[in-house]
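K.L.:
Attaching a predicted model along with its sequence, questions to come.
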Amino acid sequence: MNERAPNSEWLRGVLETCVLQTMVAGPTYGYQITTQLAEAGLGELKGGTIYPLLARLEKKGLVSVEWRAGDGGPGRKYFALTADGLTELHEAKLAWRAFNTTISTHLDLSSVQSQQEVTS
Amino acid sequence: MNTTEHHNPARSGVSAQVWDRPFYKGHKSWCDDFVMELRLMDVPGDVIGDRLAEVEAHCAESGETPDEAFGEPVAYAKTVGAESPKESAGGLWATAALSVGQVLALLVGTRAAGAWAAGESVAYNAVQVLCLALAAAVLVLLPVALRFLLQRPLLTGLPYFASFMALALGAVLAGELDLPALITAPAALVTVGLFVVTVVLGWVSYRDLSSSQDPVTSPLSAFGTATSAEGKAAGGSRGVALLMAVVFPVFYVLLSVVSWLTA
């Protein structure tokens, strides 16, 4: 696996899609989203990045929100995908796949050896 | 699940206002700057409370301070405020228009009382009318000036109020100039008429101030971790509304009496 941290410029364009994906399994809250994205290898995302993005998703009607009592904490704001959010996520995935194919073809990725192949 | 829930603070039986939360008290400077910027962006109180509750909940989970997780408060407020619903800024402009009406009625009406005592009619020359119009313009621009007044109270506040006072004083002193009267009116009619106007505007401002409190409420209070101080706060602001409503009519009477006696 490439250890280089994800390029923040690249991430910016797909972060919304990545956040929507964290809600596929069910409603989730801000801190858990940052943890999940970090585990997925997207790096440490700050609250200052995630919550304005979640507010934008809510404004667009892609997620619904609900405050619930938290485990020992003050409370948690849960975000869930709406029907529009699910459609948006599906379309974004298709668009990403097409974009990925275009770039990979252009960069001629099949000719590039992975790091593992280089070191072995 | 639905869109943002606007819960009923009264139901929880504890104060819903964010100021009563320990988190607010613990990070007062950050929270104050954050709330003030969102207020200036015309974000409604319950939405501000919701944004602040996100910060509180996130910091409680991650163990970070608001500064560490969200950065500088004003910059973060601008970012998250851009994605938040806004209420129309009409309320602020209506308040500014009301105060302009009250101040102008006070300036013109109490001077008319002096003319009434002296048995003259009220007369304004062109310079006086210009000064009054400019003084009104300075007051009308209060909603625009508010951000600067709050950020630099001394640097902008002093020139702002000094220019208003200079124009108001100019309107009085320019009466000594040997200029033809632009506007003439019966003094008794102006004095009594503008007093009625002042009382009516005072009543309107009381009604507006006491109905549009828009407190910054936290959705977290529904889970009952705050202490109660709500009744006191609401009572306090109703008192301010009442004071704002009666201060102009009271001053009108006092200044008219002074104007009458010194005529």
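P.N.:
Sure thing, it's come through.

K.L.:
Could you use CA atoms for every contact and neighbour count after this?
P.N.:
Noted.

K.L.:
number of nearby residues for A:Val112?
P.N.:
10 (other Cα atoms under 10 Å in any protein chain shown).

K.L.:
Next: A:Ala98.
P.N.:
12.

K.L.:
ok so it is a helix residue?
P.N.:
Yes: if the criterion is DSSP: H, G, I helix; E, B strand; the rest coil, then A:Ala98 is within a helix.

K.L.:
Which pLDDT value goes with it?
P.N.:
With respect to pLDDT, A:Ala98 has a value of 97.

K.L.:
any idea how far it lies from A:Tyr78?
P.N.:
32 Å (Cα to Cα, to the nearest Å).

K.L.:
Check B:Val253 too.
P.N.:
On the measure of Cα to Cα, B:Val253 and A:Tyr78 end up 57 Å apart.

K.L.:
mind checking how far stretch B:99-116 is from the chain centre?
P.N.:
In terms of Cα atoms, centre = their mean, to the nearest Å, the centre of stretch B:99-116 is found 21 Å from the chain centre.

K.L.:
what's the average pLDDT for it?
P.N.:
Per-residue scores along stretch B:99-116 average to 90.

K.L.:
residues of that stretch that come out buried?
P.N.:
Neighbour counts over stretch B:99-116 (16 or more other Cα atoms under 10 Å in any protein chain shown) mark B:99-116 as buried.

K.L.:
for chain A, what are the low-confidence residue spans?
P.N.:
Applying pLDDT under 70 to chain A picks out residues A:1-6, A:114-120.

K.L.:
where do the strands sit along it?
P.N.:
Taking DSSP state E, the strands of chain A run over residues A:28-29, A:63-68, A:76-81.

K.L.:
cool, the stretch 51-200 of chain B as well?
P.N.:
Taking DSSP state E, counting those that start in this stretch as the test, the strands found in the stretch 51-200 of chain B are B:122-125, B:181-185.

K.L.:
quick one: contacts of the longest one?
P.N.:
For strand B:181-185, the surrounding residues in contact (Cα atoms under 8 Å, 6 or more residues apart in numbering or on different chains) are B:Ser121, B:Val122, B:Ala123, B:Tyr124, B:Asn125, B:Ala126.

K.L.:
Please, a ChimeraX command that selects the buried ones among the residues you listed?
P.N.:
Per 16+ other Cα under 10 Å, the buried members of the contacts of strand B:181-185 correspond to this ChimeraX selection:
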select /B:121,122,123,124,125,126
